[in-house]
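Trainee: Structure of the sequence below:
(4 chains)
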Protein chains: 2
Amino acid sequence: MIRAPEPGPRRGKATIEEVARAAGVSRQTVSNALNAPQRVRDATLARVMDAIEQLGYQPDSSARSLRTGERRALGYLAPADDPFDPNPLMGGFLEALVDAAGAEGFRVLLFRPAPGARDARAVLDEVIAARQVDGFVLSDVLEGDARVEHVARAGVPFVTFGRAEAPGGGAAAGGALPLSASWVDVDNAAAVEAIVAHLAGLGHHRVVYLGSETGLPWMKERRAGFRRAASAAGLERLESVAPLDDPAGVVAVAREALGRRPTAIVAESDSLALAAYEAVRSEGLAVGADVAVTGFGDAPVARVLHPGLTSVRLPLRAIAGEIVRRLVGQVRGEAGPAEGLSLAAELVVRESSGPPR
Amino acid sequence: MIRAPEPGPRRGKATIEEVARAAGVSRQTVSNALNAPQRVRDATLARVMDAIEQLGYQPDSSARSLRTGERRALGYLAPADDPFDPNPLMGGFLEALVDAAGAEGFRVLLFRPAPGARDARAVLDEVIAARQVDGFVLSDVLEGDARVEHVARAGVPFVTFGRAEAPGGGAAAGGALPLSASWVDVDNAAAVEAIVAHLAGLGHHRVVYLGSETGLPWMKERRAGFRRAASAAGLERLESVAPLDDPAGVVAVAREALGRRPTAIVAESDSLALAAYEAVRSEGLAVGADVAVTGFGDAPVARVLHPGLTSVRLPLRAIAGEIVRRLVGQVRGEAGPAEGLSLAAELVVRESSGPPR
DNA sequence: TTGTATGCGTTATCAT
DNA sequence: ATGATAACGCATACAA
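Mentor: This next block holds a predicted model:
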């Protein structure tokens, strides 16, 4: 038989007062036992810890937060919907972020702009004004991102996944904010360079880049990496640009790209690589044997595809770890590493990238 | 120029006291203006609201929580890693959950078991003991799920995505808990039945179910739905069972299934449908024209595939909405709907399911 | 080493 | 309709 849960806020959990009574000490000593154990005699400490264990006591997070000002929570603003590419990485990154935050004693508070809201500043203001978090993690950040500027202006610690500042440019004119005081990103350019190097090493000599028409910074970096590496390796280098929101159109472009008779297709994303597969097959050719295809991101589909898709895996756990490290450092007021950090992606070679026939 | 953020907990945000001073009233009146506007004279109300607006005041969430006992936060225990099928739906469900919670004035607190932890009870206890949330959303729930029992025993409100109780069985023997006091789920069986009915309507007569060897309840429901609908429609009904963790093995099974010469393949998931695509193509046949293939879940890949994959779309927004409605009802102590709710998935017909040749 | 007193910002009770 | 007072649970400065 189980008793019905008590009504009211407390829900029957222990308070520091009850622990103190159980251990025969003042609540002060309990607090000390938790926050400054060295100030408590061993015997007492043991007794207190025992009572704590016994009662399953943990400080009420609200009371502690009210007193200390720290929330032990990091805010993550979930990216807006993108029906075309519901960022398959977000899930993986979020998990890594939650783990990394948890290791530092922080939880992750998730929120989104109200549906239909013009931008995210309103909800950011709510979270800030209600003091629900100690800092923010902002992802999918663009150059001159309004969210970034807003949070920076509010004086709340934050770290971005991706740089909100053009690589070359420091602070802009005027009293500009240190927008990218701390960012972590995957080295998109280097990742594509690794792909191209891999292909060049296999003997490929005519390579087409299958990209999209977005101006997203990470996409631009990938393209730049392609150009650099292909030139460096002395490859014949072609480029195709696919539309954004039209699967059929994408395949059409992929077929056109294939029509230029490359020995390899370097796709900007795994989705585009999938379109390349379709194009190659529609010509009666075999991916990997007749034409090499590579992707980007190493989405789940990369493993399931046949032949398996050569791609690059984003170091999401490392990124999340570094983001949390920096953010928690800021929260604690430490003068930690303020510069940005680019992390290398890992090339995952599968059967889609064989040598040219 | 921007001033450096103030140190300390307050970070320069307004308190109720400051608002009161600015409006020339007591803090009580400010509180009333916010929580019981009808008790405040219009003129005063206007003055107070003005000051609130002016100062960008919002109640400190910790102070309010300490006083009222409500956290205005819902806890979501993120599912454990599954490298084989990193639940592509989770992202979509989470977003819907955050939106639904936000509409009710709740945030979502995300957490996971410590990496390497034997089970999730420890972290649940932490969140409960620290009173960080008003209730929990538990997903991917199994029959007799330990997490469910644990939360139920703690007397904390919760709602599950999926039923933690066998469909027929009420309370078990002894003082069993009302484990599934409130659950919401997608009607897996009905969804597959809709698929089969669709195929039967097209004239298919020999159909193979491509399933996996998991005993997960939702998978069992899908299979049951297949059997029921196929029998009802008088179809020749076959079944194949794929291994879990081996893409190559999966395709082998899919080929074997195809070897039984069905006119259509009903896959248990979109991933398995992808394997079916591979099998069909490896035989030189065309998906949709020679053999119909259907999936389950309507993952992003379903749209990108060629031909587009006929699948069923999970009503994630509706599910999240119902979950939040029930959970918030419990939190508020309303005697809301305690029974479970099965929501219909939506059949999405694409080119992969043509009539038999 | 331990206990006493105070305040964090808010809301509820009660008086006016 | 408004204001004074108390209390939520905790941590800290200070006294013992």
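Trainee: C-alpha only now, for contacts and for neighbours.
Mentor: Will do.
Trainee: How far does stretch A:326-342 stretch from one end to the other?
Mentor: Start and end residues of stretch A:326-342 are separated by 14 Å (C-alpha to C-alpha, to the nearest Å).
Trainee: how about it against chain B, any contact?
Mentor: No. Stretch A:326-342 lies out of reach of chain B by C-alpha under 8 Å from any C-alpha of the partner chain, never closer than 8.6 Å.
Trainee: roughly how far is that stretch from the heart of the chain?
Mentor: How far stretch A:326-342 lies from its chain's middle: 17 Å, per C-alpha atoms, centre = their mean, to the nearest Å.
Trainee: List the buried residues of that stretch.
Mentor: Residues of stretch A:326-342 classed as buried by neighbour count (16 or more other C-alpha atoms under 10 Å in any protein chain shown): A:326, A:327, A:328, A:329, A:330, A:331, A:338, A:340, A:341.
Trainee: check which helix or strand covers the second one.
Mentor: In other words, residue A:327. helix A:316-331 (DSSP states H and E).
Trainee: quick check: mean pLDDT across the next helix or strand after that helix?
Mentor: Note on helix A:316-331: by DSSP H and E, the next helix or strand toward the C-terminus is strand A:341-343. For strand A:341-343, mean pLDDT rounds to 96.
Trainee: quick revisit: so which residues make contact with the helix holding residue A:327?
Mentor: By C-alpha atoms under 8 Å, 6 or more residues apart in numbering or on different chains, the residues outside helix A:316-331 that reach it are A:92-93, A:96-97, A:100-101, A:104, A:134-137, A:157-161, A:182-186, A:335-338, A:343.
Trainee: And that helix, how far out from the chain middle?
Mentor: With C-alpha atoms, centre = their mean, you get 10 Å for helix A:316-331.
Trainee: ok, now which ones touch the closest residue to residue A:146 other than its chain neighbours?
Mentor: Closest residue to residue A:146 apart from its sequence neighbours, by C-alpha to C-alpha, 6 or more residues apart in numbering or on different chains: residue A:121 at 7.9 Å. By C-alpha under 8 Å, 6+ apart, the residues touching residue A:121 are A:113, A:146, A:147, A:150.
Trainee: what residues are up against the last one?
Mentor: Applying C-alpha under 8 Å, 6+ apart, we find residue A:150 in contact with residue A:121.
Trainee: can you confirm it is in a strand?
Mentor: No. Checked against DSSP: H, G, I helix; E, B strand; the rest coil, residue A:150 lies outside a strand; its state is helix.
Trainee: Please name the nearest non-neighbouring residue to residue A:72.
Mentor: Nearest to residue A:72 is residue A:106, by C-alpha to C-alpha, 6+ apart, at 4.7 Å.
Trainee: So that neighbour versus DNA strand D, what's the distance?
Mentor: According to C-alpha to the nearest atom of the strand, to the nearest Å, residue A:106 stands 15 Å off from DNA strand D.
Trainee: what about that residue, distance to residue B:121?
Mentor: 18 Å.
Trainee: cool, and residue A:39?
Mentor: From residue A:39 to residue B:121 the distance is 32 Å (C-alpha to C-alpha).
Trainee: Likewise for residue A:211?
Mentor: 46 Å.
Trainee: again with residue A:210
Mentor: For residue A:210, the distance to residue B:121 - C-alpha to C-alpha - is 47 Å.
Trainee: Domain ranges for chain A, per the record?
Mentor: A:16-59, A:73-185+A:317-343, A:188-314+A:347-353 (automatic domain parsing).
Trainee: With respect to burial, which of those scores highest?
Mentor: domain A:188-314+A:347-353 (a mean of 21; mean count of other C-alpha atoms under 10 Å in any protein chain shown).
Trainee: Quick one: end-to-end length of it, please.
Mentor: Domain A:188-314+A:347-353: ends 19 Å apart by C-alpha to C-alpha.
Trainee: hey, where'd the strands end up in the stretch 51-200 of chain A?
Mentor: A:73-77, A:107-111, A:135-139, A:158-161, A:183-186 (DSSP state E, counting those that start in this stretch).
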